[in-house]
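Asker: below are the sequence and a predicted model for it; my questions follow.
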Amino acid sequence: VKNLPHISRRAPFYSSVRFLSRVDREYGPLTLASLGSKSKSETTNKKIKNNLEQLDAAIESYTGSGKTLAYLLPILSEVGPLKKKASSGEESVKKMEIEAVIVAPSRELGMQIVREFETLLGPVDKKLVQQLVGGANRSRQEEALKKNKPAIIVGTPGRIAEISASGKLRTHGCRYLVLDEVDQLLSFNFWEDMHRILEHVGRRSGADPRGTKSSLARQGERQTIMVSATVPFSVIRAARSWGQDPLLVQTKRVISLESVLPSGPLNMSGPASSSSSSLNLQSQAAVESLPPALKHYYCVTRLQHKVDTLRKCVHALDAKSVIAFMNHTRQLKDAVFKLEARGMKAEELHGDLGKLARSTTLKKFKSGEVRVMVTNELSARGLDVAECDLVVNLDLPTDSIHYAHRAGRTGRLGRKGNVVTICEEPEVFVVKKLQKQLGVTIHACEFTEGKLLFKEEVRTLDRMR
Ligand SMILES: Nc1ncnc2c1ncn2[C@@H]1O[C@H](COP(=O)(O)OP(=O)(O)OP(=O)(O)O)[C@@H](O)[C@H]1O
């Protein structure tokens with residue numbers, strides 16, 4: 001970290017990742033007890049002390065708190081040029097081709113992670129990382145794999161599984177498997193590809209029941225790290241089945257999954273179920289998933305006035321960089337057209353666009369050339385645009401988890417941010433429900449005379465007139 005000046009020790013999630021990281025060895029290993037866990041079982045503490053670097057973990061911390069670096073730094077400290085000489089003599093073991101596989105649900109997120117790696121590695125070592133994202137030329141990716149022999153690959157489930165199935169990706173000796181936005185990766189769409197990845201990347205650490213492992217055997221093991229701002233029960237269940245004594249690592253505490261969850265039957269034969277109990281636990285997963293500095297509002301309007309309300313909202317809050325979410329692709333174009341017609345620079349971003357259009361829009365948005373990016377769920381996960389100061393829900397998100405990920409595109413890394421949900425009168429009860437599930441206050445507001453006014457203020461104004 002001393003050699004990485006742009007990395008701050010004060011970032012919200014930094015403190016709790018120390019235990020996973022050899023980079024921070026100087027602090028010494030942390031234990032469950034020192035992290036304030038309720039579970040202080042002697043055995044678990046001992047295990048944690050002894051196996052810091054080998055533990056499987058689900059990392060859950062609110063959006064924009066720095067979860068990417070939380071897994072990226074420890075991995076680089078083991079496989080990249082930051083690697084410290086191991087004192088155990090295991091250096092002599094043959095270097096494996098691919099040592100870390102990072103899976104992300106969208107091409108945009110995959111590329112963003114690659115860029116973070118490249119920034120840390122610098123121009124000389126950046127070939128240590130290769131992206132295997134969908135939408136890009138597959139044979140070129142395969143050639144690069146052969147030529148560059150990367151130590152780390154970052155990709156989307158479909159492309160990784162595809163190249164793996166063709167025999168051109170050898171990951172059996174892989175030591176780290178990271179599932180970023182794990183709850184989304186467990187969704188039905190990705191299940192087949194994820195199944196292949198989980199089967200073919202390294203060997204899961206739970207595979208050796210005897211617990212006595214030679215250094216060679218240990219090399220063949222895989223540490224599975226699952227990451228999301230929302231870790232619902234489906235993930236907890238999966239984590240328990242994939243890993244050995246997996247931990248749930250949160251900003252302020254570390255919990256052994258085994259000790260805090262009821263042991264139910266494991267269902268690894270299919271995708272995450274959506275039974276009613278899972279749904280309840282899903283809404284629990286949304287609590288504490290949002291950065292505390294975010295401000296939340298909702299504004300009631302008619303369907304045909306939504307885009308105009310969005311425009312008023314952008315002006316009232318003097319927002320410079322806005323992400324507006326809608327649920328249906330075909331309506332995005334219309335919203336963009338209306339905003340542009342009123343002189344507000346806007347563009348659409350969704351999966352139906354070609355890869356070039358997608359990256360051009362994103363580039364323009366990041367550079368500030370586009371003020372409002374109208375998009376769908378594609379941009380809700382992981383997208384990191386520091387300047388984004390306003391998120392607007394032009395359509396209601398499907399549930400509190402979706403709300404959390406959308407809202408989390410603003411207010412990143414301790415910055416200020418506003419989230420405004422523009423809805424129709426009959427939808428207000430959904431907003432109230434979201435408010436309860438998320439544990440935040442969503443204030444009723446209106447945009448009057450270029451200002452955001454709380455509903456009560458509007459009433460007072462009306463009475464005075
Ligand atoms: N310790 C740090 N010092 C400086 N910058 C940091 C630090 N940790 C994270 N960042 C920066 O903060 C931003 C947010 O981090 P990141 O994208 O990892 O958040 P996240 O927790 O994964 O969010 P999400 O849940 O939305 O994916 C990134 O631009 C990242 O580079």
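Answerer: In hand now; what should we look at?
Asker: what's the burial count for Met344?
Answerer: Residue neighbour count, defined by other CB atoms under 10 Å, stands at 18 for Met344. (Glycine included, C-beta is placed from N, CA and C.)
Asker: if you could redo that for Leu109, that was the one I meant.
Answerer: A count of neighbours around Leu109, defined by other CB under 10 Å, yields 24.
Asker: how near is it to the ligand?
Answerer: Here Leu109 is placed at a distance of 8 Å from the ligand (CB to the nearest ligand atom, to the nearest Å).
Asker: verify the stated contact: that residue with Leu383.
Answerer: Yes - counting by CB atoms under 8 Å, Leu383 is a contact partner of Leu109 at 6.8 Å.
Asker: verify the stated contact: Cys445 with Cys299.
Answerer: Yes - Cys445 lies in contact with Cys299 (CB under 8 Å); the separation is 5.4 Å.
Asker: state the pLDDT value of His54.
Answerer: Not quite, residue 54 is Gln, not His. The model reports Gln54 with a pLDDT of 64.
Asker: on that earlier part again, okay, and the common contacts of Cys445 and Cys299?
Answerer: Residues touching both Cys445 and Cys299 (CB atoms under 8 Å, 6 or more residues apart in numbering) are Val420.
Asker: helices and strands around the strand or helix carrying Val392, which ones?
Answerer: In the assignment (DSSP states H and E), Val392 maps to strand 390-393. Packing partners of strand 390-393 (3 or more CB pairs under 8 Å, 6 or more residues apart in numbering; DSSP states H and E): helix 306-316, strand 322-325, helix 400-407, strand 417-423.
Asker: all strands for the stretch 101-250 of the chain, in order.
Answerer: Remark: strands assigned in the stretch 101-250 of the chain by DSSP state E, counting those that start in this stretch are 129-132, 152-155, 176-180, 203-204, 221-228, 247-250.
Asker: just put those in CSV and tack on mean pLDDT, distance to the ligand and mean neighbour count.
Answerer: What follows is the strands of the stretch 101-250 of the chain, written out as CSV (pLDDT from 0 to 100; distance: least, CB to the nearest ligand atom, whole Å; neighbours: other CB atoms under 10 Å):
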stretch, mean pLDDT, distance to the ligand, mean neighbour count
strand 129-132, 96, 15, 25
strand 152-155, 96, 13, 27
strand 176-180, 94, 7, 25
strand 203-204, 62, 24, 18
strand 221-228, 88, 7, 26
strand 247-250, 82, 12, 23
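Asker: looking at this, Gly64 is in a strand?
Answerer: No - remark: Gly64 does not belong to a strand; assigned using DSSP: H, G, I helix; E, B strand; the rest coil, it is coil.
Asker: give me the distance between it and Leu73.
Answerer: Gly64 sits at a distance of 17 Å from Leu73 (criterion: CB to CB, to the nearest Å).
Asker: follow-up on the earlier one: tell me if the strand holding Val392 is near the ligand.
Answerer: No - residues of strand 390-393 contacting the ligand under CB under 6 Å from any ligand atom: none, with a closest distance of 11.5 Å.
Asker: any weak-confidence spans in the stretch 251-400 of the chain?
Answerer: Along the stretch 251-400 of the chain, the model assigns pLDDT under 70 to residues 259-286.
Asker: where do the helices sit along it?
Answerer: Ranges of helices within the stretch 251-400 of the chain are 257-260, 276-286, 306-316, 329-341, 355-367, 400-407, based on DSSP state H, counting those that start in this stretch.
Asker: for the ligand, find the nearest of those.
Answerer: Among the helices of the stretch 251-400 of the chain, helix 400-407 comes nearest to the ligand, with 6.8 Å by CB to the nearest ligand atom.
Asker: phi, psi for the residue of the stretch 101-250 of the chain found nearest the ligand please.
Answerer: Closest approach between the stretch 101-250 of the chain and the ligand, counting by CB to the nearest ligand atom: Ala229, at 4.0 Å. Backbone geometry at Ala229, expressed as degrees, to the nearest 10, gives phi -80, psi -20.
Asker: what sits against Leu378?
Answerer: Going by CB under 8 Å, 6+ apart, Leu378 touches 106, 108, 349-351.
Asker: apply 10 Å and report the result again.
Answerer: By CB atoms under 10 Å, 6 or more residues apart in numbering, Leu378 lies in contact with 105-109, 325, 329, 349-353, 358.
Asker: what about it, distance to Val235?
Answerer: Distance from Leu378 to Val235, by CB to CB: 21 Å.
Asker: same deal with Val385?
Answerer: Distance from Val385 to Val235, counting by CB to CB: 26 Å.
Asker: pick out whichever of the two has more residues nearby.
Answerer: Shown here are Val385 and Val235; by other CB under 10 Å, Val235 has more neighbours (27 against 18).
Asker: coming back round to it: would you put the C-alpha positions of the strand holding Val392 in PDB?
Answerer: This file holds the C-alpha atoms of strand 390-393, laid out as PDB (Å, rounded to 0.1, in the frame of the first residue of the first chain):
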ATOM      1  CA  LEU A 390     -28.000  11.900  -8.900                       C
ATOM      2  CA  VAL A 391     -29.800   8.600  -9.500                       C
ATOM      3  CA  VAL A 392     -33.400   8.700 -10.700                       C
ATOM      4  CA  ASN A 393     -35.900   5.900 -10.800                       C
END
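Asker: run the chain-centre distance for it.
Answerer: Centroid separation between strand 390-393 and its chain, computed with CA atoms, centre = their mean, to the nearest Å, is 18 Å.
Asker: before we move on, the earlier item: and the helices of the stretch 251-400 of the chain, which is most packed in?
Answerer: Most buried of those by mean neighbour count (mean count of other CB atoms under 10 Å) is helix 400-407; its value is a mean of 26.
Asker: hmm, it in reach of the ligand?
Answerer: No - Helix 400-407 does not reach the ligand (CB under 6 Å from any ligand atom); its nearest approach is 6.8 Å.
Asker: that helix to strand 221-228, inter-axis angle?
Answerer: With axes from the mean of the first three to the mean of the last three CA atoms, to 10 degrees applied, the angle from helix 400-407 to strand 221-228 works out at 80 degrees.
Asker: so which bits of the longest helix belonging to the chain are buried?
Answerer: Taking DSSP state H as the criterion, the chain has its longest helix at helix 107-125. In terms of neighbour count (16 or more other CB atoms under 10 Å), helix 107-125 has its buried residues at 107-114, 116-118, 120-121, 125.
Asker: ditto for stretch 432-442
Answerer: Within stretch 432-442, the residues that count as buried by 16+ other CB under 10 Å are 434-435, 437-438, 440, 442.
Asker: and which of those residues is nearest the ligand?
Answerer: Taking CB to the nearest ligand atom as the measure, Leu438 is the one of the buried residues of stretch 432-442 closest to the ligand, at 14.7 Å.
Asker: surely that closest one touches Ala407?
Answerer: Yes - using CB atoms under 10 Å, Leu438 is in contact with Ala407, at 8.5 Å.
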